[in-house]
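Asker: What follows is a predicted structure for the sequence shown.
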Amino acid sequence: MAEIKAEPAHHHTLVIPDTDISAQKPHKTQRVASLDIFRGLTVALMILVDDAGGEWPVIGHAPWHGCNLADFVMPFFLFIVGMAIPLALKRISSRGKAVKKVVFRTLKLLFWGLLLQGGFSHAPDKLTYGVDMKMIRFCGILQRIAFAYLVVALAEIFLKDAQSKDIPAGHFSVFRLYCWHWLVGACILIMYLALLYGTYVPDWHFTVHNKDSVDYGKVFTVSCNVRGKLDPPCNAVGYIDREVLGISHMYQRPAWRRSEACTVNSPYEGPFKIGAPSWCHAPFEPEGILSSISAILSTIIGVHFGHVLVHLKGHSERLKQWIVMGFALLILGIVLNFTRAIPLNKQLYTFSYVCVTSGAAALTFSAIYVLVRF
């Protein structure tokens, strides 16, 4: 009988290269710690001024001209939004996907803005909810952020021509690379100034809808017939909002009620003076249409800081760009205000206000960046 021998087993080893394993690992997005800290501090500042602004008017919103601590919150948020746009969109290669993401995020912000500030929860202490569509407030903080984000993000998507290009560390290198962004900003500024100083404001009237007021149901008339005024009753910002939004859909308790012209308790809120101007009773929209157009500039400046972070790799090069521009904006805004060319005004979102608050945001972020990186 033939002898049957077992064949020796052959062992085959499957070798998987390390590169394949690393390729299968999900890519973890690296966050910018300095920007996260700045965002957190801005949220803390918002909580502080909301809770303590009534007790300490010096940190609350300025009644009209001027800039208190609370007036830095909105432009800081817009600056942060702008700075985050290049960091977020550089990871999305498809223009269509980027547009879809931007539009979806804008709609979410608009939804929450209308829900939280439109009047849905009009008496939370009494657990009564619902919206009177005749009085719903269309504008608000989140709506303004959504509008500025949409405009600037779409500009970033369609106007950029260098996503990952390394550029020299010259002062104007990033400006030249994104010159179309600055052209958009210049057009926005020209349109805002033309409407602010060129719009004719006629006389107007309104009815007091506050049921707690002794003047409930009373009709007041405000005399204007002027052009280019920046005072509370006769500015183009309020006129455009009254014509487009409707006076019933505007903010019913504006900060100007605390002005010296309206109350003896100024800068605290209190009963109106006897013989106070009729406009003291009127609503005004601090996040209105024309002022929100100007607010886009804060976001465009933030985008520039994001571009610097993306393209310049050295910490000292980045800081030099940020600090120089921050001081330039701050000085320009202060000069415009104290020469009375353009006063600081959050309600109107004037150009001097854009410069001062954006410069302050730039220097604050630079200080945080130094503390984190060095």
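Answerer: In hand now; what should we look at? Residues are numbered from 1 along each chain as shown.
Asker: what about the helices in the stretch 1-150 of the chain?
Answerer: All helices of the stretch 1-150 of the chain, identified by DSSP state H, counting those that start in this stretch, fall at 18-24, 33-52, 73-89, 95-117, 141-159.
Asker: Quick check: pLDDT value at the spatially most central residue of the chain.
Answerer: Nearest to the mean C-alpha position of the chain, by Cα atoms, centre = their mean, lies residue 78 at 2.8 Å. Note on residue 78: pLDDT of 96.
Asker: what's the answer for residue 326, then?
Answerer: Looking at residue 326, its pLDDT reads 94.
Asker: same question, the one 3 residues further on
Answerer: Here, the pLDDT recorded for residue 329 equals 96.
Asker: Same question for the one 5 residues further on.
Answerer: The predicted local confidence for residue 334 comes out at a pLDDT of 96.
Asker: Kindly report the same for residue 125.
Answerer: 54.
Asker: go on, the one 5 residues further on?
Answerer: Residue 130 is assigned a pLDDT of 59 by the prediction.
Asker: deepest of the helices of the stretch 1-150 of the chain, which one?
Answerer: Across the helices of the stretch 1-150 of the chain, averaging neighbours per residue (mean count of other Cβ atoms under 10 Å) puts helix 73-89 on top, at a mean of 23. Backbone N, C-alpha and C define where each C-beta goes, glycine included.
Asker: how far off helix 33-52 does that helix point, in degrees?
Answerer: Computed by axes from the mean of the first three to the mean of the last three Cα atoms, to 10 degrees, the angle separating helix 73-89 from helix 33-52 equals 150 degrees.
Asker: list the helices and strands helix 73-89 packs on?
Answerer: Applying 3 or more Cβ pairs under 8 Å, 6 or more residues apart in numbering; DSSP states H and E, we find helix 73-89 packed against helix 33-52, helix 141-159, helix 289-311, helix 351-373.
Asker: Now the residue nearest to the centre of the chain. Nearest residue, chain neighbours left out?
Answerer: Spatially, and ignoring its direct neighbours in sequence, residue 78 is nearest to residue 298 (3.9 Å; Cβ to Cβ, 6 or more residues apart in numbering).
Asker: give the contact list for the one you found.
Answerer: By Cβ atoms under 8 Å, 6 or more residues apart in numbering, the contact set of residue 298 is 75, 78, 79, 82, 148, 354, 357, 358, 361.
Asker: pLDDT score for it?
Answerer: 96.
Asker: could you measure it against residue 74, distance?
Answerer: Separation of residue 298 from residue 74 (Cβ to Cβ, to the nearest Å): 8 Å.
Asker: if I look at residue 75, how far off is residue 64?
Answerer: 17 Å.
Asker: Was I right to think residue 218 contacts residue 209?
Answerer: No. With contact defined as Cβ atoms under 8 Å, residue 218 and residue 209 do not form a contacting pair (10.3 Å).
Asker: who's in contact with the spatially closest residue to residue 354 that is not a sequence neighbour?
Answerer: Closest residue to residue 354 apart from its sequence neighbours, by Cβ to Cβ, 6+ apart: residue 297 at 4.9 Å. With contacts defined as Cβ under 8 Å, 6+ apart, residue 297 is in contact with 185, 188, 189, 351, 354, 358.
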